[in-house]
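Q: next one to model:
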Amino acid sequence: MAEFSLDNVNSMYMDVLREIGNIGAGNATTSLASMINSKIDMNVPKVELMEASKLSTAICPEEEIIVGIFLEVKHDITGSMMFLMRMDSAHYLVNKLMGKDPENRDDFDEMDLSAMKEIGNIIAASYLSALSGLTNLTIAPSIPYIAVDMAASILSVPAIQFGQYGNNALLIETEFGDDYMINGYFILMPEEDSYATILTSLGIQM
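A: Modelled structure (predicted):
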């Protein structure tokens, strides 16, 4: 198999990535609806494969404060993943989950951060379950780490990880909610060998 790069991604592989995004977002929406006891609708997610260097400006201005939840991916494929939310979306979800005033914008306390970790864990597991179901690979996330910081600072973590895992990331933008729509960004960063493993399991030759 030829070395994986953005230049040789074929349409079949992009269709598979979009399907992973659709299934993963659907699974995540169902899980979140159960957590916050609300009906949640979901728009069709946007899926893009991009170079690491472009991530820092793909989501929001670099100086904007966001929430980032980071996990490592283990077993049949290795790499890392991230779920990112802008602050208005993070506050809305935490307020819903913790039974707080919907307009509350206080700094997050330890309980709030723990709740967001659980949200990130569920969303990450939903996407990995979608990938696992399509590929029949065993894929598991590590314990999540959370950060509330400028986008440039948070996205420097995947940039560092790319030194180990390659140069390409799968970015999935999801919009879901009830009366209030939440934007979430899921980044999957398999190492180069793991891209080959995923492709082979799907019967796709590059």
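Q: so residue 63 sits in a helix?
A: No: using DSSP: H, G, I helix; E, B strand; the rest coil, the assignment for residue 63 is coil, not a helix.
Q: can you pull the contacts of the residue positioned nearest the centre of the chain?
A: The centre of the chain sits closest to residue 186, judged by C-alpha atoms, centre = their mean, with a distance of 1.9 Å. Contacts here follow C-beta atoms under 8 Å, 6 or more residues apart in numbering; on that basis residue 186 touches 21, 24, 81, 82, 83, 84, 123, 124, 127, 171, 172, 174. Every residue, glycine included, has its C-beta placed from N, CA and C.
Q: ok, the residue lying closest to the fourth one once chain neighbours are set aside - contacts?
A: The spatial neighbour of residue 82 that comes closest, neighbours along the chain excluded (C-beta to C-beta, 6 or more residues apart in numbering), is residue 187 at 4.4 Å. Contact partners of residue 187, counting by C-beta under 8 Å, 6+ apart, are 55, 81, 82, 83, 84, 158, 169, 170, 171, 172.
Q: out of those residues, which is nearest to residue 144?
A: residue 83 (8.4 Å; C-beta to C-beta).
Q: wait, is the closest one part of a strand?
A: Yes: with three-state DSSP as the criterion, residue 83 is located in a strand.
Q: dig out what it forms beta bridges with.
A: residue 69, residue 186 (DSSP bridges).
Q: with residue 169 instead?
A: residue 50.
Q: that one contacts residue 195, doesn't it?
A: No: judged on C-beta atoms under 8 Å, residue 169 makes no contact with residue 195 at a distance of 11.0 Å.
Q: by mean pLDDT, flag the weakest helix or strand of this structure.
A: helix 156-165 (a mean of 57; mean pLDDT, DSSP states H and E).
Q: about what we covered before: neighbour count for the contacts of residue 186 - can I get that in TSV?
A: Shown next, in TSV, are these (neighbours: other C-beta atoms under 10 Å):
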residue	neighbour count
21	25
24	27
81	27
82	26
83	26
84	27
123	26
124	24
127	25
171	22
172	22
174	25
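Q: nearest to residue 60, of these?
A: The nearest one, if we look at the contacts of residue 186 relative to residue 60 and count by C-beta to C-beta, is residue 84, at 8.7 Å.
Q: for the protein, which spans come out with low pLDDT?
A: 1-13, 157-168, 192, 204-206 (pLDDT under 70).
Q: change it to 50
A: Applying pLDDT under 50 to the chain flags residues 1-2, 6, 163-165.
Q: could you pull out the strands for it?
A: 41-42, 46-51, 65-75, 79-86, 139-141, 145-150, 168-177, 181-190 (DSSP state E).
Q: which residues sit against the third one?
A: The reference is to strand 65-75. So strand 65-75 is contacted by 59-60, 78-87, 90, 116-117, 119-121, 124, 128, 137-151, 154-155, 157, 188, 190 (C-beta under 8 Å, 6+ apart).
Q: same thing but at 7 Å, please
A: Applying C-beta atoms under 7 Å, 6 or more residues apart in numbering, the external contacts of strand 65-75 come out as 60, 79-87, 90, 116-117, 120, 124, 138-142, 144-151, 154, 157.
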